[in-house]
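**Q** what's the 3D shape of this:
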Amino acid sequence: MDFIKEPMAIENRSMELIAPHLAELGLDEAATKVYSRLIHASGDVGYAPIIRVHPEAIAVAMDALRKGAHIYTDVEMVRTGINKKKLASFGGEVHCLVADPDVAVRAKQEGITRSMIAMRQFGKDLNGSIIAIGNAPTALFEVLRMVREEGIRPACIVGIPVGFVGAAESKAELAANGIVPYITVEGTKGGSPIAAAAVNAMMYLIDNTRP
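**A** Purely as a prediction, here's the structure:
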């Protein structure tokens, strides 16, 4: 059986196959590349009409990344999926505290999720950062509370938690927040690979060479 073997050729062909599904959405070049990477990561062109990107999100996030912004994630799977070498070339690092023993203890004491405690523990470090949430709706709800009540101001929130309990609601709240630019997906779809793909897409818009 004959098939494409070269990695970039596979990626380029994938983008060609995705392109017709975006043609009617009126996207600019940057948004097209972000949408394409989310669809590529999911293998599902059904994402095309449900992706939601704040008008300022991509430009603001790219500016923050160029300046060395750090990325804060809800779970290790998101952290693992982000191109850390590329991020380091801009001066940034990826942080995740969900496996931290102190976070686990506090979460048990307070009867809430570890991802919520992790976001609280990041605290003011979230200012000017990129937050990438791909698994835990509770983490997204907590970040939005911090934005409203504590004046935390990330540069951009990539909020794409997956699931049937709280995921759609947390993403709807993100899209309605009116304070912080965001990238999200309507409904129950999402996941760690999708959140990581959104971050990687914006880094590749800055520099598409692969370290």
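**Q** so where's the protein uncertain?
**A** By pLDDT under 70, the low-scoring segments of the chain are 1-6, 210-211.
**Q** contacting residues around the closest residue to residue 41 other than its chain neighbours?
**A** Closest residue to residue 41 apart from its sequence neighbours, by CB to CB, 6 or more residues apart in numbering: residue 197 at 3.6 Å. (Glycine included, C-beta is placed from N, CA and C.) Shown in contact with residue 197 (CB atoms under 8 Å, 6 or more residues apart in numbering): 37, 38, 40, 41, 81.
**Q** tell me the secondary structure at the nearest residue to the last one once chain neighbours are set aside.
**A** Nearest residue to residue 81, sequence neighbours excluded (CB to CB, 6+ apart): residue 196, at 2.9 Å. Taken by DSSP: H, G, I helix; E, B strand; the rest coil, the conformation at residue 196 corresponds to helix.
**Q** contacting residues for residue 196?
**A** By CB under 8 Å, 6+ apart, the contact list for residue 196 reads 41, 77, 78, 80, 81, 82, 132, 134.
**Q** residues of the helix or strand hosting residue 17 that come out buried?
**A** Counting by DSSP states H and E, the element that carries residue 17 is helix 7-18. By neighbour count on 16 or more other CB atoms under 10 Å, the buried set for helix 7-18 is 14, 15, 18.
**Q** for residue 93, see how far away the first one is.
**A** It stands for residue 14. For residue 14, the distance to residue 93 (CB to CB, to the nearest Å) stands at 29 Å.
**Q** same deal with the second one?
**A** Residue 15 is 29 Å from residue 93, where distance means CB to CB.
**Q** next: residue 160.
**A** Residue 160 sits 21 Å away from residue 93, going by CB to CB.
**Q** more neighbours, those two?
**A** Each of residue 160 and residue 93 has its neighbours counted (other CB atoms under 10 Å); residue 160 has more, 34 against 13.
**Q** still on that earlier bit, now do the helix holding residue 17: which elements does it pack against?
**A** If you count contacts as 3 or more CB pairs under 8 Å, 6 or more residues apart in numbering; DSSP states H and E, helix 7-18 packs onto helix 29-42.
**Q** show me what the helix it packs on is packed against.
**A** Counting by 3+ CB pairs under 8 Å, 6+ apart, the packing neighbours recorded for helix 29-42 are helix 7-18, strand 51-53, helix 57-66, helix 192-206.
**Q** one more time with 6 Å
**A** helix 7-18, strand 51-53, helix 192-206 (3 or more CB pairs under 6 Å, 6 or more residues apart in numbering; DSSP states H and E).
**Q** quick one: the last one to helix 57-66, angle?
**A** Computed with axes from the mean of the first three to the mean of the last three CA atoms, to 10 degrees, the direction of helix 192-206 lies at 70 degrees from that of helix 57-66.
**Q** list the buried residues for helix 192-206?
**A** For helix 192-206, burial by neighbour count (16+ other CB under 10 Å) applies to 192-205.
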